[in-house]
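Q: Starting from these lines, generate the structure:
(2 chains)
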Amino acid sequence: MANIAAQRIKREFKEVIKSEEVAKCAIKVELVSDSYTELKGEIAGPPDTPYEGGNFVLEIKVPETYPFNPPKVRFLTKIWHPNISSVTGAICLDILKDQWAAAMTLRTVLLSLQALLSAAEPDDPQDAVVAKQYKDAPDMFRLTARYWTAAYAGGPYSNPDFDSKIRRLTDMGIESHDARVALSSFNWDLERATEQLFS
Amino acid sequence: MLLDYSLCLIQVIFEVFLPSKIKMSTSLNVFIKSNTGNTLSIELDPKWDVRRLKENVAPKLGLSPVDVKIIFSGKELMDSIVIEECDLGQQSILHAVKIRHVDKQHLRDRTDSEGSRPMNETLVDWQLSAIDRKHLNTEEDREREKAQFFVYCSSPCKTMKPGKLRVRCASCRSGAFTVKCDPECWDDVLHMNKIRGTCENAICVESHKDGSQFAEFFFKCAEHPSQGENDQAVPLDLVKSNIKDVPCLACTEVKNLVLVFPCKEGHVTCLECFQIYCLTRLRDRQFSSHPELGYTLPCPAGCADSLIKEIHHFHLLTDEQYAMYQRFGTEEYVLQAGGVLCPQPGCGMGILAPEDCRRIQCLSGCEFVFCRVCRQGYHLGECSDQDMDTSEEPVNCQYKVDPVHANQARWDEANKITIRITTKPCPKCRTPTERSGGCMHMVCSRPQCGFHWCWICQTEWTRDCMGNHWFG
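A: Numbers count the residues shown, from 1 in each chain, chains lettered A, B, ... in the order given. Now for the predicted structure:
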């Protein structure tokens, strides 16, 4: 790894560790390899959003050309959000693509992602299914996102209705994650989800 | 006594910080040019003062020392100034001018005022505000505060070097010219007709009776001996010594030499990081082709209106990298002007052909004749996806090769196939584009194109694409 990139990341790593957001448990960052090329980030779901109470783990890969090119970031924790792929965890955020600037840091990236959880941008979606639901059935979207937060990110809210629908499908031999995806995609319509899973 | 002591101190600091001055103290070879066309070559001791210089030079010009004034770098040098304070280099040119009668009147009222100090002594760094200047207290600070210029010396040094600011008359280009006031910022120096002065050249004196011509500033490399009046260097105005100890925006270290971007915030990078920044953008072909400035870059912090205006700054790259910069810049220019690049491997000649001409021959390059649309060997009729050029079968060959197999076993063909499989061309500029995940909404990566298109439809990105196949 180029010297500059490693040096920068070291400093930014310290900046995050010392930041007040870490003190408030809002963001976190850990080393994956000693070479500073790969890091693990964590952000807390912002209050008053369906992600509240959840902790979301991020994969951060630092390119050789950092800070002149952006870090590659994706969600490792599954999440239901219009700008984040529910399949791969890929993120659609301008500052991680063409709007990246060399003055940005790990801390600003983590805070921007947290802000993205508070305010989605459904007009530039990464996940079309989620984005459609976000626009057409906002209540259903909120319930689904909260349910995913509970299932994958340790969120506190349970939903017995959704639980029982998933159980109906797992009883038929479907993996629970696949069942959750199918039901979420069809606004928890058990019949249509079943149809899609077995077609 | 105290004055002596401080002079001595300055001397010591000079020697510590500018070791090159020590060499000069042995003997200095300079040229003296008179406004009547004579040029003398003289050896002088840098410890001499200007009075001694006049006494030496005046007789050779047939004048008496009191009738001569010595002009260097836009300033008349007063008698008490010591030569080594004047930033003279080997083979520098001084101008000896006969004092006109009008001047004699002035001369009587004049003392060695601030205005007649050599320019290198009076100029302070333009990046400092008046308040900053007050805070510089120590001798070391003041030494650093003195204006420092950096230039690209194209010959013979071929690299960035410290520079010296010089002045001449804007109309006759004579160096026998004195400025009315010092330049105060880069604008005063880089733009014409900002600073007024008086030209002593006989021709100019005739045509401008009011004695008020404009000064023209230029730079010389401080490293090599002057090679005459036409020896110039390009100022790298963004390179500065880091007086304020600003950390580099990329590596966050505080370096002595930095490049300050022309954005509102004046973002700072060290020169090493600037080189890496250029190289990163160059390899991604992310430089901007500006119609007036050329192939250049903005501030890496993403500031608006921050393009580097003096493209000689890219000489901070290595020779090899600079060659790549030049090649990419030229290619971008050819493409923008509607031209094509010869597709023959190793050629890449830029060709500007009429818009409606499909048969293109690389005339000044490899002579290859190709089709403008598919970039394959020229053919009649529609372009096909496959290569058209099957090599002619050799008549008397030891072993036979199946032309189809030969076609697939070509080194460049393997690359071409990979490119064809993994990429789709931008519907607007045809740049092969790879999609490495994410949604189907593509934005052309060529900064000059930036077209929004759909990976599936291969047409402009629309609301329908958004509704039907955002994610595949």
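Q: just checking, A:Val73 is part of a strand?
A: Yes: assigned with DSSP: H, G, I helix; E, B strand; the rest coil, A:Val73 falls within a strand.
Q: Could you report the neighbour count for it?
A: When neighbours are defined as other Cβ atoms under 10 Å in any protein chain shown, A:Val73 has 22 of them. Heads up, the C-betas are built off the backbone N, CA and C, glycines and all.
Q: Spell out which parts of chain A neighbour chain B.
A: By Cβ under 8 Å from any Cβ of the partner chain, the residues of chain A that approach chain B are A:2-4, A:7-8, A:11, A:65, A:67-69, A:85, A:88, A:90, A:92, A:98-103, A:124-129, A:131.
Q: Just those: which are in strands?
A: Among the residues of chain A next to chain B, none falls in strands (DSSP state E).
Q: just the buried members of those?
A: Among the residues of chain A next to chain B, the ones that count as buried by 16 or more other Cβ atoms under 10 Å in any protein chain shown are A:2, A:4, A:7-8, A:11, A:65, A:67-69, A:85, A:90, A:92, A:100-103, A:124-129, A:131.
Q: I'd like to know how many residues surround residue 50.
A: Going with chain A. A:Pro50, neighbours per other Cβ under 10 Å, totals 24.
Q: Hmm, no, I was thinking of chain B.
A: When counting by other Cβ under 10 Å, one arrives at 23 neighbours for B:Val50.
Q: Could you pull up phi and psi at it?
A: Note on B:Val50: its backbone torsions stand at phi -70, psi -30 [degrees, to the nearest 10].
Q: pLDDT wise, what is it at?
A: In this prediction, B:Val50 carries a pLDDT score of 85.
Q: And the nearest residue to A:Thr194 once chain neighbours are set aside, how far from B:Ile456?
A: Sequence neighbours aside, A:Leu169 is the residue nearest to A:Thr194 in space, at 6.8 Å (criterion: Cβ to Cβ, 6 or more residues apart in numbering or on different chains). In this structure, A:Leu169 and B:Ile456 are 31 Å apart, going by Cβ to Cβ, to the nearest Å.
Q: between the two, which one's more packed in?
A: Between A:Leu169 and B:Ile456, counted using other Cβ under 10 Å, A:Leu169 has the larger neighbour count: 21 against 14.
Q: mind listing what that one touches?
A: Contacts of A:Leu169 were listed using Cβ atoms under 8 Å, 6 or more residues apart in numbering or on different chains, and they are A:179, A:182-183, A:190, A:193-194, A:197.
Q: Surely A:Ala193 and A:Phe186 touch.
A: Yes: distance between A:Ala193 and A:Phe186: 4.8 Å, which falls inside the contact criterion (Cβ atoms under 8 Å).
Q: Out of the buried ones among the residues of chain A next to chain B, which sit inside helices?
A: Using DSSP state H to define helices, the subset of those located there is A:4, A:7-8, A:11, A:128-129, A:131.
Q: Pull the residues that contact the helix or strand B:Phe214 falls within.
A: B:Phe214 belongs to strand B:213-221 when assigned by DSSP states H and E. When contacts are defined by Cβ under 8 Å, 6+ apart, strand B:213-221 is touched by residues B:74, B:89, B:149, B:151, B:153, B:157, B:161-171, B:173, B:177, B:179, B:183, B:188-190, B:192-199, B:204, B:226, B:231-235.
Q: I am finished for the moment; much appreciated.
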